[in-house]
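Q: A predicted structure for the sequence below; I have some questions about it.
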Amino acid sequence: MSNIDLHVHSTASDGSYTPSELVDYAIEKNLSAFALTDHDTCDGISEAINYSLKLKSESKKSVKVIPGIELSAEYSGEDVHILGLNIRYEDKAFLTELQPFVDARNARNHLMVSKMNEHGINITEEMVNKRFGDAVITRAHYAILMIEMGYVSSKEEAFEKYLNKGCPFYIPRHKITPSEAVRLIKSAGGHPVMAHPVLYSFEDDVLDNLVCRLADEGLEGIEAVYSCNKPEDTVKYTNLAAKYNLYLTGGSDFHGTAKPGLELGTGYGDLAVPESFLKNIL
């Protein structure tokens with residue numbers, strides 16, 4: 001049975017592969033399916049699906065592209081991300097509700113650039129738009145520009161010195177609650193899944209209470225198989241999913257060069273997401 005990857009980013013947000021390039025790479029990696037889950041946007045999905053269908057019509061090997069999204073939310077002062085899998089990505093009402101996410105990012109980015117300029121970092125919004133086109137601009141894009149312009153030597157340095165919470169260029173932006181993210185995904189016919197719980201710093205009882213509440217509100221799954229997990233983490237989140245009758249999903253969180261060493265489908269080397277996980281979202 002082939003493997004899949006249910007958490008993948010493209011140049012529509014902060015990945016380095018275009019949606020079409022992801023299709024080619026997924027085929028090269030022998031995946032049978034992947035979910036394109038860019039941050040707060042559906043902009044790359046049509047390209048990926050149409051390109052895969054084109055390959056199939058030409059009797060070439062193709063891969064199933066699952067339309068998805070990763071919504072940014074906040075709970076108890078910490079970021080919580082909710083994946084929406086198999087969404088109606090052209091639903092006009094859904095796309096209208098995504099606009100405030102874009103507006104919030106744009107407002108945050110404007111303030112971030114102003115702070116950079118105050119500190120002698122000569123990055124402008126025009127430079128960002130020219131370099132990254134129509135992508136949803138995240139802090140990772142600023143880290144890339146800072147590297148290219150010689151202000152820092154690595155993405156890690158950019159975040160640790162300038163972009164993380166508490167650093168000079170960090171600007172908080174309005175986020176919805178996880179409950180609102182679940183509702184929004186359900187409104188687009190999608191399947192809401194808690195992304196990478198291993199990355200949250202919640203105490204076990206806080207995470208348990210959050211999952212319990214979200215399960216009552218429509219959360220369907222937990223990304224229990226993830227690139228950064230240790231074996232005991234996978235067991236922990238598998239048990240948490242079972243406790244609240246949620247299914248399992250898994251993904252690499254592939255970003256291309258933005259996350260060096262993390263590969264599509266295999267994560268840091270030993271990730272394997274079984275094709276059987278698809279039965280819950282298709």
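A: Everything's here; your move. Numbering: from 1, shown residues only.
Q: could you break the protein into its assigned domains?
A: With automatic domain parsing serving as the domain definition, the record reports that the chain contains domains spanning 3-96+178-280, 98-163.
Q: lowest-confidence stretch among those domains?
A: Mean pLDDT per stretch puts domain 98-163 lowest among those, at a mean of 90.
Q: show the end-to-end separation of that one, please.
A: For domain 98-163, the separation between the terminal residues is 24 Å (Cα to Cα, to the nearest Å).
Q: before we move on, what SS does the residue nearest to Lys161 when sequence neighbours are not counted have?
A: In this structure, Lys161 finds its nearest non-sequential neighbour in Cys167, 6.4 Å apart by Cβ to Cβ, 6 or more residues apart in numbering. Heads up, the C-betas are built off the backbone N, CA and C, glycines and all. Going by DSSP: H, G, I helix; E, B strand; the rest coil, the secondary structure assigned to Cys167 is coil.
Q: check contacts around Cys167.
A: By Cβ atoms under 8 Å, 6 or more residues apart in numbering, the residues touching Cys167 are 159-161.
Q: and what of Ser2?
A: Shown in contact with Ser2 (Cβ under 8 Å, 6+ apart): 30-32, 275.
Q: just to revisit the earlier point, tell me the most buried of the domains of the chain?
A: Mean neighbour counts were compared across the domains of the chain using mean count of other Cβ atoms under 10 Å; the top stretch is domain 3-96+178-280, at a mean of 19.
Q: how far does it stretch from one end to the other?
A: Across its full length, domain 3-96+178-280 reaches 15 Å end to end, with Cα to Cα as the criterion.
Q: if we can go back for a sec, tell me which of the contacts of Ser2 is nearest to Phe132?
A: Nearest to Phe132 among the contacts of Ser2: Leu31, at 26.1 Å, using Cβ to Cβ.
Q: right, and that closest one touches Val8 too?
A: No: taking contact to mean Cβ atoms under 8 Å, the distance of 9.5 Å between Leu31 and Val8 leaves them out of contact.
Q: joint contacts of these two?
A: The contact lists of Leu31 and Val8 share Leu264, where a contact means Cβ under 8 Å, 6+ apart.
Q: hang on, the earlier thing: mind listing which of the contacts of Ser2 are in helices?
A: Within the contacts of Ser2, no residue falls in helices by DSSP state H.
Q: distance to Lys60 added to those residues, as JSON lines?
A: Written out in JSON lines, the entries for these read as follows (distance: Cβ to Cβ, whole Å):
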{"residue": "Asn30", "distance to Lys60": "15"}
{"residue": "Leu31", "distance to Lys60": "15"}
{"residue": "Ser32", "distance to Lys60": "15"}
{"residue": "Glu275", "distance to Lys60": "20"}
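Q: in strands, which of the residues you listed appear?
A: Helix and strand membership here follows DSSP state E; of those, those in strands are 31-32.
Q: ok, the contacts of Ser2 vs Met149, which is closest?
A: Scanning the contacts of Ser2 for proximity to Met149, where the rule is Cβ to Cβ, the winner is Leu31, at 35.3 Å.
Q: using the three-state scheme, assign the spatially closest residue to that closest one that is not a sequence neighbour.
A: The spatially closest residue to Leu31, leaving aside those adjacent along the chain, is Gly265, at 5.1 Å (Cβ to Cβ, 6+ apart). When states are read from three-state DSSP, the local structure at Gly265 comes out as coil.
Q: isn't Gly265 right up against Pro274?
A: No: under the criterion of Cβ under 8 Å, Gly265 lies out of contact with Pro274, with a separation of 11.7 Å.
Q: anything in contact with each of these two?
A: Residues touching both Gly265 and Pro274 by Cβ under 8 Å, 6+ apart: 3-4.
Q: which elements pack onto the longest helix anywhere in the chain?
A: Under DSSP H, the helix in the chain containing the largest number of residues is helix 92-118. Helices and strands in packing contact with helix 92-118 are listed as strand 64-75, helix 125-132, helix 139-148, helix 178-187; criterion 3 or more Cβ pairs under 8 Å, 6 or more residues apart in numbering; DSSP states H and E.
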